[in-house]
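Visitor: Predicted coordinates and the sequence they were generated for:
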Amino acid sequence: MAERLIRIGLLGCGAVGRLHAQRLRADQRVRLVYVADAHQATADMLRSQLAPTAEATTDGLGILLGRHPVDGIVICTPTGLHFDQATAALERSVDVLCEKPLAPERERIARLAERSAELGRILSVSYQRRYMAAYRTARRELTERAEWYGPLREIHVFVCERWQQTIRGTWRDDPALGAGYFGDAGSHQIDIVHYVTGQTAQRVLAFSDQRESRVEIVTRAIAQFADGVQLVAHFVGDANHWREEITFHCRDADLLLRSEKFYDPHLFRAKNNVLEPVPDLLPDSDPDRAFIDAVLTREPTVSPASCALATHDWTAAVLRSTRSGDWADLSS
């Protein structure tokens, strides 16, 4: 007997929604039941190119509440819609994969995490890097080979891209909906710091520039962790190329993540001035494949709703610090 296909609804058919649709289409365990977007033409285009058997609609929430039963939904809509859409799905015993952030407010993120646990539903956040080979292996390096590296002492983060040039006229340039380049793109690097080290900053000092936009474009931050570990980060959202570097400086060795191309990170270790690639990388995955695994096995993913709280606290502290010009505690 053929295995039952996992029925998925996709909310949001923009660039991010298309990426999810491509992955879901490639997964033989999945059937895309419907694709929804605020603009019918956008939904129609995605359906014609990536999901020909799906229904294209502007009423994704209505379908979720009535017409088409699904096992899971993938939410790629603007941030302000995430909470209501995820809540509606969870209350109808539908599993959820949601783009970050889960909600603008901490209280709502916490409520989603609590409700998904109460109902026994999967609620996964689409933090891409947690599933990629280089980042997964970096976590392994600093846990399974911790004695070789020695205690962590310093973390350096640098990321830049041509972001400001692409956001004019979109919701990302609205301070009521977006948190600027740091909150949008930079949250991925902060999440990886949490994921790789298992540590969360205690307080942060940050400075930002809007560069003639309505939201923060360039952000510089210093953060203090437990045991004297410090982080220095620089997020440049009006650069003319894409680059990411995350370095974990330990007492005896360093671990370096470097990428000059989106979704193509390379991992190195350094000791005694010798830099070498890290061999035997863990396998690649992605949030969609892991989500379908979780729907089938009922095992949580490596990006549960709880990880969204840590990133939210970091982002909120950065924004408070940029406004006050002083240190901000993450617990505030």
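Guide: Structure's in. What do you need? Numbering: from 1, shown residues only.

Visitor: Distance check, the spatially most central residue of the chain against residue 282.
Guide: Nearest to the geometric centre of the chain sits residue 127, at 2.7 Å (Cα atoms, centre = their mean). Separation of residue 127 from residue 282 (Cβ to Cβ, to the nearest Å): 16 Å. All C-beta spots, glycine's among them, are computed from the backbone N, C-alpha and C.

Visitor: Buried ones in the one helix or strand residue 86 maps to, by neighbour count?
Guide: Element membership of residue 86, judged by DSSP states H and E, is helix 79-91. Of all the residues in helix 79-91, those buried under the rule 16 or more other Cβ atoms under 10 Å are 79, 81, 82, 83, 85, 86, 87, 88, 89, 90.

Visitor: Kindly state the pLDDT recorded for the residue nearest to the centre of the chain?
Guide: As predicted, residue 127 sits at a pLDDT of 92.

Visitor: list the contacts for the nearest residue to it once chain neighbours are set aside?
Guide: Once flanking residues are discounted, residue 127 sits nearest to residue 303: 4.5 Å by Cβ to Cβ, 6 or more residues apart in numbering. Contacts for residue 303 were tallied using Cβ atoms under 8 Å, 6 or more residues apart in numbering; they are 124, 125, 126, 127, 130, 131, 287, 290.

Visitor: cool, residue 205 as well?
Guide: 221, 222, 223, 321, 326, 327, 328.

Visitor: Low-confidence ranges, the stretch 51-200 of the chain, go.
Guide: By pLDDT under 70, the weakly predicted segments of the stretch 51-200 of the chain are 67.

Visitor: Do you have the helices of it handy? List them.
Guide: Assigned helices in the stretch 51-200 of the chain, in chain order: 60-62, 79-91, 106-119, 133-144, 146-149, 164-167, 180-181, 187-197 (criterion: DSSP state H, counting those that start in this stretch).

Visitor: by contact count, what packs against the shortest one?
Guide: It stands for helix 180-181. Applying 3 or more Cβ pairs under 8 Å, 6 or more residues apart in numbering; DSSP states H and E, one finds that helix 180-181 contacts strand 218-224.

Visitor: Taking strand 218-224 as reference, get the angle to whichever helix or strand comes after the strand it packs on.
Guide: Per DSSP H and E, the first helix or strand lying C-terminal to strand 218-224 is strand 230-236. The directions of strand 230-236 and strand 218-224 differ by 170 degrees, with axes from the mean of the first three to the mean of the last three Cα atoms, to 10 degrees as the criterion.

Visitor: Can you check what angle separates strand 230-236 from helix 187-197?
Guide: Angle of strand 230-236 versus helix 187-197, following the same axes, to 10 degrees, is 150 degrees.

Visitor: Convert the C-alpha atoms of strand 230-236 to CSV, please.
Guide: Output in CSV follows, covering the C-alpha atoms of strand 230-236 (Å, rounded to 0.1, in the frame of the first residue of the first chain):
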residue,chain,number,x,y,z
GLN,A,230,32.1,38.6,24.9
LEU,A,231,30.7,39.0,21.4
VAL,A,232,31.4,41.8,18.9
ALA,A,233,29.0,42.0,16.0
HIS,A,234,28.7,44.2,12.9
PHE,A,235,25.7,44.1,10.6
VAL,A,236,25.9,46.1,7.3
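
Visitor: tell me which element the residue nearest to residue 257 when sequence neighbours are not counted falls in.
Guide: Spatial nearest neighbour of residue 257, excluding adjacent residues (Cβ to Cβ, 6+ apart): residue 246 at 4.3 Å. Here residue 246 sits within strand 238-250, counting by DSSP H and E.

Visitor: residue contacts, residue 10?
Guide: Counted by Cβ under 8 Å, 6+ apart, residue 10 has contacts 17, 20-21, 24, 32, 34-36, 46, 51, 54, 73-74, 76.

Visitor: mind listing which of those residues are in strands?
Guide: Among the contacts of residue 10, the members falling in strands (DSSP state E) are 32, 34, 35, 36, 73, 74.

Visitor: Could you identify which of those residues has the most neighbours?
Guide: Of all those, the highest neighbour tally under other Cβ atoms under 10 Å goes to residue 35, namely 31 neighbours.

Visitor: hang on, isn't it packed against residue 45?
Guide: No: at 9.7 Å, residue 35 and residue 45 do not qualify as touching, with contact defined as Cβ atoms under 8 Å.
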